[in-house]
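>>> whatever this is, show me its structure:
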Amino acid sequence: MPRPFDSLRGQLVLLIVAALAAAQTISLWLFVDERGLAVRAALGFEAAGRAANVALLLEEAPESLHQAILRAANSPLVRFELADNPDVDHASHADGGAVEARVRGLLGGAEHREIRVELHEVEHGIPPMPHLVPEMAEMHLAMMKGELSAIEMQLSIALADGQWLNVGTRFEPPPLQWPWISIVSFGITAAIILVAACWFLLTRLTGPLLRVSHAADRFGRGETVDPLPLIGPSEVRGLTQTFNRMQERLTRFVADRTKLLAALGHDLRSPLTAMRVRAEMVEEDETRESLVASIEEMQEMVGSTLDFARGMASAEPSETVELRSYLEQLQADMINGFELDAADDAQARLRPQAMRRALRNIIENAQRYGGGARVSFRTDPGHVRILISDTGPGIPESELQQVFEPFFRLEKSRSRETGGTGLGLSIARTIIRAHGGDVALSNRAEGGLLATVTLPLEAANTPSREPSTAPERGAALAQNRP
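Numbering: from 1, shown residues only. So this is what the prediction gives:
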């Protein structure tokens with residue numbers, strides 16, 4: 001069973017969703033960071049503005065009102081104090097330049113007034129501000145989710161009477177939060193992109209690719225495949241057009257070769273017949289019998305060549321057959337018969353007459369050279385295997401593949417009594433491969449030869465069509481020659 005993200009469609013969907021999630025995460029992080037910076041800047045400028053106003057008020061008010069002014073200006077977040085010495089004992093840091101400039105501006109551009117600013121970050125785990133009442137401190141902790149980090153600002157402003165106004169404040173950035181509205185927005189955006197755009201585009205991309213894949217599989221099994229429509233992106237259209245051209249060229253090539261072989265076999269029959277007639281006129285018995293035997297062997301070879309050219313697969317429709325019943329019928333039709341072991345059953349989709357010829361050739365080969373044939377079958381994932389075994393001497397390992405070559409014979413005498421023309425296994429393999437399967441030979445450990453015919457279950461699931469393969473079409477044309 002294919003995994004969900006093995007397909008091109010699944011991988012593209014996963015990539016798009018991952019890209020959207022990454023973009024949303026980065027945008028939310030940037031938004032929260034910018035929001036934090038804005039909040040801190042606003043709080044810093046607000047504290048600086050309050051400090052400048054308090055400084056002006058203290059310089060204009062009588063000394064008796066100074067403490068009252070400080071009490072009124074104090075808040076849980078900002079504390080004001082008058083002292084003889086500044087809390088900030090050094091000039092302003094670069095980070096405090098903006099705060100200092102704001103204070104000077106509010107103080108009327110006092111260029112010679114000394115203003116000192118210190119900003120520093122406070123480590124995590126700090127307690128709430130010391131001036132908060134317990135109730136507000138608890139609320140503050142809850143709001144910050146127990147993770148306090150802050151920037152403290154100390155501001156010292158020199159007053160006209162020589163005293164210093166010391167201001168202390170702390171402002172915490174809000175914690176990183178993921179608002180539900182952002183999550184909902186991401187879900188809606190992803191759904192719209194995937195359904196309205198990506199799914200449509202992916203269908204236009206993967207649909208034609210699947211059609212090309214299925215058409216290539218059917219064409220490889222010898223079925224007729226109509227030219228595929230040119231749809232989808234330009235690259236997919238180019239692939240489809242290339243497949244259509246390849247199919248046309250292969251069909252024409254195989255048909256031309258098949259017609260040539262069939263025509264050659266057909267044209268050889270006339271001179272062979274004439275030679276047979278003349279051979280019968282020879283008076284010497286030994287010479288006449290030798291000539292007749294040679295001519296008959298040539299005629300058999302010509303007939304076998306025609307069978308090989310046709311692939312022994314006439315233009316018959318594919319059918320779904322019960323394999324056990326199919327083999328039992330083949331067993332009954334063969335004169336010598338064979339042993340059949342078929343405990344279970346399986347269905348296969350094949351061209352019955354063509355496959356019958358292929359199996360008959362293999363079984364007869366086992367009967368002729370192996371002393372009998374035993375047939376069984378089993379189903380494996382994706383395949384049906386038909387096993388044909390014998391108890392003969394087997395075949396040398398170096399010749400297990402050569403025996404499928406046309407006109408190759410292990411028995412070198414070329415006698416018709418001891419062997420055929422050497423085309424039986426070639427024809428069988430041609431037919432089986434036309435079904436999308438294959439046949440292999442191997443020597444059994446206990447002695448004898450094992451022929452394994454493998455047919456794909458994909459072929460068994462193909463809808464019934466009028467299979468007219470290139471070899472079949474070429475043979476049919478050759479058969480109609482005068």
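>>> distance check, Arg237 against Arg211.
12 Å (Cβ to Cβ, to the nearest Å). Bear in mind the C-beta positions are built from the backbone N, C-alpha and C, glycine included.
>>> count of residues packed around the closest residue to Thr320 other than its chain neighbours?
In space, and not counting its chain neighbours, Thr320 is closest to Arg349: 4.9 Å by Cβ to Cβ, 6 or more residues apart in numbering. Residues near Arg349, counting by other Cβ atoms under 10 Å, number 21.
>>> check Met246 too.
Met246 has 12 neighbours, counted by other Cβ under 10 Å.
>>> ranges for the strands of this protein?
Using DSSP state E, the strands of the chain run over residues 78-83, 115-122, 150-158, 164-171, 319-322, 339-341, 347-350, 374-380, 383-389, 438-443, 449-456.
>>> of those, which shows the lowest average pLDDT?
Lowest mean pLDDT of those: strand 115-122, a mean of 79.
>>> if we can go back for a sec, out of the strands of the chain, flag the one nearest Leu228.
Counting by Cβ to Cβ, Leu228 lies closest to strand 449-456 out of the strands of the chain; the figure is 21.7 Å.
>>> residue boundaries of the helices in the chain?
8-60, 66-73, 97-106, 134-143, 180-192, 199-220, 234-280, 285-310, 323-333, 352-370, 424-434, 457-460, 470-479 (DSSP state H).
>>> now, of those, which is deepest in the fold?
Highest mean neighbour count of these: helix 424-434, a mean of 23 (counted as mean count of other Cβ atoms under 10 Å).
>>> ok and that one relative to helix 285-310, angle-wise?
10 degrees (axes from the mean of the first three to the mean of the last three Cα atoms, to 10 degrees).
>>> please name every helix or strand in contact with helix 424-434.
Where contact means 3 or more Cβ pairs under 8 Å, 6 or more residues apart in numbering; DSSP states H and E, helix 424-434 is packed against helix 285-310, helix 352-370, strand 438-443.
>>> break this structure down into its domains, please.
With domains defined by automatic domain parsing, the chain comprises 8-171, 245-479.
>>> measure the residue nearest to Thr320 to Phe407 for me?
Taken as Cβ to Cβ, the span from Arg349 to Phe407 is 32 Å.
>>> Leu159 now?
In terms of Cβ to Cβ, Leu159 sits 118 Å off from Phe407.
>>> circling back to that earlier point, looking at the domains of the chain, which is closest to Gly207?
Per Cβ to Cβ, nearest to Gly207 of the domains of the chain: domain 8-171, 9.6 Å.
>>> how near is Leu264 to Arg249?
For Leu264, the distance to Arg249 - Cβ to Cβ - is 23 Å.
>>> now do Ser294
Counting by Cβ to Cβ, the gap from Ser294 to Arg249 is 40 Å.
>>> ok, Ser156 next?
According to Cβ to Cβ, Ser156 and Arg249 sit 91 Å apart.
>>> and for Val292?
45 Å.
>>> so where is the stretch 201-350 of the chain shaky, pLDDT-wise?
For the stretch 201-350 of the chain, the stretches flagged by pLDDT under 70 are 201-202, 221-223, 304-305, 307-316.
>>> pLDDT value on Met143, please?
For Met143, the pLDDT comes out at 49.
>>> quick one: closest of the strands of the chain to Arg257.
That would be strand 438-443 among the strands of the chain, by Cβ to Cβ, at 21.0 Å.
>>> turn the helices and strands packed on helix 424-434 into CSV, including distance to Gly220.
Shown next, in CSV, are the helices and strands packed on helix 424-434 (distance: least, Cβ to Cβ, whole Å):
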stretch, distance to Gly220
helix 285-310, 19
helix 352-370, 16
strand 438-443, 12
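>>> return the set of buried residues in stretch 156-165.
Neighbour-count burial for stretch 156-165 flags 156-158, 163-165 (criterion: 16 or more other Cβ atoms under 10 Å).
>>> let's see that stretch as PDB, backbone CA atoms only.
Provided in PDB are the C-alpha atoms of stretch 156-165 (Å, rounded to 0.1, in the frame of the first residue of the first chain):
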ATOM      1  CA  SER A 156      18.600  61.600  36.200                       C
ATOM      2  CA  ILE A 157      17.800  65.200  35.400                       C
ATOM      3  CA  ALA A 158      19.800  68.100  36.900                       C
ATOM      4  CA  LEU A 159      17.500  70.900  38.300                       C
ATOM      5  CA  ALA A 160      18.200  74.600  38.500                       C
ATOM      6  CA  ASP A 161      18.700  74.500  42.300                       C
ATOM      7  CA  GLY A 162      21.500  71.900  42.100                       C
ATOM      8  CA  GLN A 163      19.300  68.900  43.000                       C
ATOM      9  CA  TRP A 164      18.700  65.900  40.800                       C
ATOM     10  CA  LEU A 165      15.400  64.400  39.800                       C
END
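>>> ok, back up a step: for the buried residues of stretch 156-165, which two are the farthest from each other?
Among the buried residues of stretch 156-165, Ser156 and Gln163 lie farthest apart (Cβ to Cβ), at 10.5 Å.
>>> give me the distance between Val236 and Leu205.
From Val236 to Leu205 the distance is 6 Å (Cβ to Cβ).
>>> cool, Ile295 as well?
Distance, Ile295 to Leu205, using Cβ to Cβ: 62 Å.
>>> ok, now Ile157?
69 Å.
>>> and Ile386, by the same measure?
Distance from Ile386 to Leu205, by Cβ to Cβ: 40 Å.
>>> can you check Gly162 too?
Distance, Gly162 to Leu205, using Cβ to Cβ: 80 Å.
>>> Arg252 too?
30 Å.
>>> what's the burial count for Ala445?
Neighbourhood size, Ala445 [other Cβ under 10 Å]: 7.
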